Structures are given as structure tokens and as C-alpha cells.
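Q: here is a sequence together with a model predicted from it:
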Amino acid sequence: MSILIKNASEILTMNDGLGLLKDRSIFIDHGVIAEIGAGLTAPSRAQVIDARKCVVMPGMVDCHTHLVFAGSREDEFALRIGGVKYEEIARQGGGIANTVAKTRTASEDELYKLARERIDNLVRSGTTTVEIKSGYGLSRAEELKILRVIRRLKDNAPIEVVSTFLVHAVPVHMKRRDYVDMVLEEILPAVAHQKIAEFCDVFCDKGAFPNGDTEKILDRARSFNMKLKIHADELSNTGGADLAARMGCVSADHLIFTTKSGVRKMRDAGVMPVLLPGTTLYLRSKRRPKIQDYYDERTAFAIASDYNPGTCLIYSLPRIMALACLMYGVEIESALLAVTINAARALDRGHRLGFIRKGMPADLVVLNVNNYKKIVYQFGEDLVQWVIKKGKIIYGKNR
Ligand code: NIG
Ligand code: FE
């Protein structure tokens, strides 16, 4: 099958910055970008997409989600609107523990069905690659159950799925030390043996896992050849970014309390920082990451949704980009790089995803706006018109 995306107002190739091309077409043949140029004509068998007054950009990469879970937490959401803190709800047995209880009683089929529907929503918003974390199981059997659901999504969903084993919380009625031992001795070896997760992530924070435990767990994961991530400095500054740099993590995520020296250390160690502004919105946190530090230190960053039932129900990356711009002061151009090439780097896929180049698999989104600034400016609208993954149209609507 071949496709001609004809006369796009703008193409954001993400080669060397935005790599903006104006009034060009893209010809896709056998799943690959065969040509990018002006005045291309299509063979009669090709499907033609009229992209006049449209922006074409790489398929977006959501590099941080927790989208396999059962149940919902709107009552806690309402409590937070009333002023109760996330940490307080967790202390009273809600929060992650609430979702763990519901996820444990759900069958693998039920979890798959719920997650598959969420992936359809992602696709409609222009996401063509998604990372999914486990972490609502908190035992060997239950974490493996979630990871099997993620594997099934990987095999069946129309987009690329990346799997992460997350050490998320201490199970109710268990001591932290005992759960860390269980992770080290039972869960991680089983996950590694089954080759069911590419990354290992730890929620390193006050009220979650301290730096010492995080380091032990990540060390062990590395010995099993897993790649590393950290939930760092989300609720307090524990030096999570420094730890990510020292451990050689592929990414460090959240980073609300990270200092300029932490930013510098991540840059020098090649750790991709990942910002999650939807979570800041849901937590009603006054605290913001200092974006100027990233610009001063010439440090690239990614942006992701953190989609989960507690702290972010937004799956649309165009909306998440808008939150990053409006709440954090991220420039529009950086936001677009952050959900494409930089997010691909946060998943160790920067060599093949998040940019548009001749000869590469066609992974593209066509948006119904005539310039890229409007993607953020008009974020209340559904602007995504066509979504193409590996040269196949996986979502499309005519204007
Ligand atoms: O990324 N930080 C830890 N985990 C999630 C929240 C999970 C939940 O509340 O269910 C997060 O914000
Ligand atoms: Fe998260």
C-alpha cells in the first residue's frame, strides 16, 4: 500500500530542531517514507491525503504511563479539590493502594480490555508509541499478571508498546524492607527470566522508596540487563536526579523539586529528563520545575502524560504539551521536540522514532491546523486528522 500526504502547510521533521519544511508532500511506500518534496505525484494505486492547511509531525511518543489498572478514584480527586493532600490520602490507605486492591481482583482479560480502550484514545490523540508501567500488583504473581497484559497489548495494539516493571509502593500490611527483599529476591529475577519488561523503574521519594533502596533495586535490575528509569523528586527533593545520573538511567521523570545542579548532572550523564505537567495540575501543586534551568544548561527534556487513575487522566499529548507551555513556561518548539524525538530518547529509541526522514518507517500524524503554534494554542479542540504507524493508517477522518 502507498500513501501520498499532499501539500502539507508545514512538516516538522525534528531533524536539527523542528526541521520545518513548508508546502511539501510525503510519499509513503511499503511502510517507509520514500520521498519528501514539493509537487510529488502519486501512482494511481496510492491513497491520497489532502494535507493543505495541515501540519504533519512525527507520531507522538508517550514515554511515561501507568495505563493498566482497574477502577477509578474520583472520590479522592474530589477530596483533593477540597484541599486534602495526595500524601494524606495515601497515608489513610487510599491512593496507589486503592488501585492495587481493584487491580488485583480484576482478571487478565478485564485489564486487557480496559487498557486496549485507553490505547484507542491515545491513537485518536496522535500517540503512536507508548510506555506502560506495571506497579499496581505489588506481588510476584500480580506484577507478572500486569506485565503479561502489557505484552498482550504489545502483540495486538496498533501502536508500539514499551514495557516497564515499576517498584511503586509498599503493599498494605508489609514492611518496606520485606517488600524490597521480595523485589530483589523474587519479583525482579522472575521478570528478568521471562524477559517481560525492558525497563525497571522505582518510585523514589519521601513516603515511597528512599535513595538507598532505589539504588539496590536498580543495581539488581542492571545486573539482569534491564534499562533503568526513576520517578524522581516528585513530592520532595531527595536528590533523585543525581541518583539517576550516577546510576546511568535512561530517563528521570517528574523532577518538580530538582535543582540546577541536578539538571546539569543529568545532562552530563546522558539521562533524559521527563516532565509530567498533567500530574502537577491534578495534584494542584503550586510547585513547578524551573524550566529556565534547562534552557540555561542547554539540557533537552521530554514531556509525557503519566496517565494513571490517581494523578492524571489526560491521555492527549497535544493537551499535555499545552499544560507544559502554560503552567511550566515551556516554549512551544521545545514542547513539540519533547513529545517526539526527546520522548523517543527517553525510551532508548531516539535512533528510529520521533523524527521524519526519508528511508525511515512512516510514523506520522496529520493535524488540522496550518501552523504548528496552533497545536498548542487551540488545545481544547481535537486537531488530529490522520495517524499513520509503520505506513498504515490507524486513524483517519476526512475534513
Ligand atoms: O506517577 N508517582 C507515582 N505514581 C504515579 C501515581 C500513581 C497513583 O496515584 O496511582 C505518578 O504520579
Ligand atoms: Fe508516574
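A: Done, it's in. Ligands and ions are numbered 1, 2, ... in the order given.
Q: near ligand 1 at all, stretch 281-288?
A: No - under the criterion of Cβ under 6 Å from any ligand atom, ligand 1 is not reached by stretch 281-288; the shortest gap measures 7.8 Å. Bear in mind the C-beta positions are built from the backbone N, C-alpha and C, glycine included.
Q: can you give me the end-to-end span of that stretch?
A: Stretch 281-288 has an end-to-end distance of 10 Å (criterion: Cα to Cα, to the nearest Å).
Q: confidence score at the residue in the chain positioned nearest to ligand 1?
A: Per Cβ to the nearest ligand atom, G310 is where the chain lies closest to ligand 1, at 2.3 Å. According to the predicted model, the pLDDT of G310 comes to 97.
Q: contacting residues for it?
A: Each residue near G310 by Cβ atoms under 8 Å, 6 or more residues apart in numbering is listed here: 73, 76, 86, 95-96, 98-99, 282.
Q: for M14, same thing?
A: For M14, the contacting residues are 57-58, 336-337, 340-341, 354-356, taking Cβ under 8 Å, 6+ apart as the criterion.
Q: near ligand 1, which residues of this structure are found?
A: That would be 66, 95-96, 99, 203, 231, 234, 279, 306, 308-311, which are the residues of the chain within reach of ligand 1 (Cβ under 6 Å from any ligand atom).
Q: so of these, which ones are in helices?
A: Among the residues of the chain next to ligand 1, the ones falling in helices (DSSP state H) are 96, 99, 279.
Q: what's near enough to touch the residue sitting nearest the centre point of the chain?
A: Compute the mean C-alpha point of the chain, and by Cα atoms, centre = their mean the closest residue is C63, 2.4 Å away. The neighbours of C63, taking Cβ under 8 Å, 6+ apart as the test, are 131, 162, 251, 274, 302, 304, 343-344, 346-347.
Q: please apply the same query to K206.
A: Here K206 is in contact with 235-236, 238 (criterion: Cβ under 8 Å, 6+ apart).
Q: let's see it at 6 Å
A: 235-236 (Cβ atoms under 6 Å, 6 or more residues apart in numbering).
Q: what do you get for V250?
A: With Cβ under 6 Å, 6+ apart as the criterion, the residues that contact V250 are 227, 348.
Q: counting neighbours, what do you get for L153?
A: Under the neighbour criterion other Cβ atoms under 10 Å, L153 is assigned a count of 22.
Q: ok, it - contacts?
A: Applying Cβ under 6 Å, 6+ apart to L153 gives the contacts 115, 161.
Q: doesn't I3 belong to a strand?
A: Yes - I3 forms part of a strand when assessed by DSSP: H, G, I helix; E, B strand; the rest coil.
Q: now it. Nearest residue, chain neighbours left out?
A: Closest residue to I3 in three dimensions, ignoring its sequence neighbours and counting by Cβ to Cβ, 6 or more residues apart in numbering: I28, at 4.4 Å.
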